[in-house]
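Novice: coords please:
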Amino acid sequence: MEYQPRNKRLYKKAVEIFTLSRDISQYLVHDLAPLQNNTENPHIYFTGDIIRQSDSLATKIITAENQTFQDDRIKQANSLIRLTNRIYKNCERLEQVESNGKDFLPVLRKELRKFKRLQRNWMMTL
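Specialist: Predicted structure coming up:
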C-alpha cells in the first residue's frame, strides 16, 4: 500500500518540480556534453544535481510526515528547506551557462518559489 501524504498539494508540487528539472536537465545536457577545448563543461554536473535533489523532495515530505516526534518532523522539514535552497542555487548557477536550455530555468525557479510558499504553510501543520 502506497503512503498518501497529508499535504497533497505540496507533494504534487514536489513531483512537478522533479519532472520539470529532469526535462530541463536532459535539454541542457545535450548542449553541455560536447568537449570545449578538450575539457568538459563543469556546469554539466549541476544538471545531475538538480535531478537528484528534486527527486528527494517528495521522499523528504513523506519522511517528515511519518516521524513520531515533533522534533524529528521539524528536523526533516528543515532538511527539506535546505534541499530546496540548494536546487534554487543550482538553477542560478546553470543560468550562467551558454545554452538554449537556460531559458527554461526561470520556470523551474518560479515553481520552486511556489513550493517554498506551500512548504511554509505545511511546516505550520507539522
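
Novice: from here on, contacts and neighbour counts on C-alpha atoms
Specialist: Noted.

Novice: helices of the chain, start to end?
Specialist: Taking DSSP state H, the helices of the chain run over residues 8-32, 44-66, 70-94, 105-125.

Novice: neighbouring contacts of the second one?
Specialist: The contact list for helix 44-66 (CA atoms under 8 Å, 6 or more residues apart in numbering) reads 3, 5-6, 11, 14-15, 17-18, 21-22, 25-26, 28-29, 32-33, 72-77, 79-80, 83-84, 86-87, 90-91, 93-94, 126.

Novice: follow-up on the earlier one: could I get the helices of the chain as TSV with mean neighbour count and mean pLDDT?
Specialist: Converted to TSV, these look like this (neighbours: other CA atoms under 10 Å; pLDDT from 0 to 100):
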stretch	mean neighbour count	mean pLDDT
helix 8-32	19	90
helix 44-66	19	91
helix 70-94	17	94
helix 105-125	15	94
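
Novice: now stretch 70-77, how far from the chain's geometric center?
Specialist: What separates the centre of stretch 70-77 from the centre of its chain is 19 Å, taken as CA atoms, centre = their mean, to the nearest Å.

Novice: run through who's touching that stretch.
Specialist: With CA under 8 Å, 6+ apart as the criterion, stretch 70-77 contacts Lys60, Ile61, Thr63, Ala64, Glu65, Asn66, Gln67, Met123, Leu126.

Novice: can I get these in CSV including distance to Arg113?
Specialist: Output for these, formatted as CSV (distance: CA to CA, whole Å):
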residue, distance to Arg113
Lys60, 17
Ile61, 17
Thr63, 22
Ala64, 20
Glu65, 21
Asn66, 25
Gln67, 26
Met123, 15
Leu126, 20
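
Novice: can you give me the distance of the residue positioned nearest the centre of the chain to Pro106?
Specialist: Among the residues of the chain, the one closest to the centroid is Ser54, at 3.0 Å (CA atoms, centre = their mean). The gap separating Ser54 from Pro106 is 16 Å, by CA to CA, to the nearest Å.
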